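# Could you work out the structure for the sequence below:
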Amino acid sequence: MEHPRPARDRIGLLQTVGLVGTIVIALGVGVWAYVLPREFYDHFPSLLGEWISQDGPYNEHLIRDHGAQYLALGAASVAALFWRSQPLYRVLGIAWGSFGVLHVAYHVTHLGHMSTTDAVAQMVVLTVAAVLGIMIAVPPRTREPQEDHALRA
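The predicted model follows:
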């Protein structure tokens, strides 16, 4: 019989939402960029515009590496669904969060070639992705047992 996890090891709802969100992003971006790099370059993100082809010449190696990076982070996120632990979630949140923040930082300084609509949409999408990554690292609040709290008073 499995024992319940102590409250400090519990995985929070926001962490789970962040994890699932990053998996969805990793699958969509990673598979498309790695398997169909030219189509990714020409049409990403499709419904919201065509952002990548506006930002320089096509480079298959760069696009496939980008896809591989998303697939690697996505694989780690899938693994975290099975090996649920706060240390793993913190490391994964640091990885996704730092990538997301750096990704936003680059793009926010390279919007001049885009229409206002594309620039705003891109910033919203990239910011949401960064926030999802950060959410993975933030553990749920735990309540101290009443006895412990009473002893400190």
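
# drop to CA atoms for contacts and neighbour counts, all remaining ones
Fine.

# just checking, Ala137 touches Tyr89?
Yes. With contact defined as CA atoms under 8 Å, Ala137 counts as touching Tyr89 (5.5 Å).

# And these two? Which one has more around it.
More crowded of Ala137 and Tyr89, by other CA atoms under 10 Å: Tyr89, with 27 against 24.

# Locate the more buried one within the secondary structure: which element?
helix 86-108 (DSSP states H and E).

# Can you tell me what sits against that helix?
With contact meaning CA atoms under 8 Å, 6 or more residues apart in numbering, helix 86-108 is reached by 9-11, 15, 22, 73, 76-77, 80, 123, 126-127, 129-139.

# Got a PyMOL select line for the buried ones in those?
The buried subset of those, as determined by 16 or more other CA atoms under 10 Å, is captured in PyMOL by this line:
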select buried, resi 10+11+15+22+73+76+77+80+123+126+127+129+130+131+132+133+134+135+136+137+138+139
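
# Among the contacts of helix 86-108, name the ones in helices.
Of the positions in those, 15, 22, 73, 76-77, 80, 123, 126-127, 129-137 sit in helices, assigned by DSSP state H.

# Can you report how many residues lie near Ile23?
Counted by other CA under 10 Å, the residues lying close to Ile23 total 21.

# And the one 10 residues further on, by the same measure?
Close neighbours of Ala33, defined as other CA under 10 Å, add up to 26.

# Quick one: residues contacting it.
Counting by CA under 8 Å, 6+ apart, Ala33 touches 39-41, 63-64, 66-68.

# out of those residues, which are buried?
For the contacts of Ala33, a burial check counting by 16+ other CA under 10 Å picks out 40-41, 63-64, 66-68.

# ok, so of those residues, who is nearest Asp55?
Comparing those against Asp55 with CA to CA places Tyr41 closest, at 9.7 Å.

# Which pair of the contacts of Ala33 spans the longest distance?
The largest separation in those, counting by CA to CA, is between Glu39 and Ala68 at 15.7 Å.

# could you measure the closest residue to Ile52 other than its chain neighbours against Val29, distance?
Excluding the flanking residues, the one nearest Ile52 by CA to CA, 6 or more residues apart in numbering is Tyr41, at 5.5 Å. From Tyr41 over to Val29 the distance is 11 Å, taken as CA to CA, to the nearest Å.

# This completes my enquiry, with thanks.
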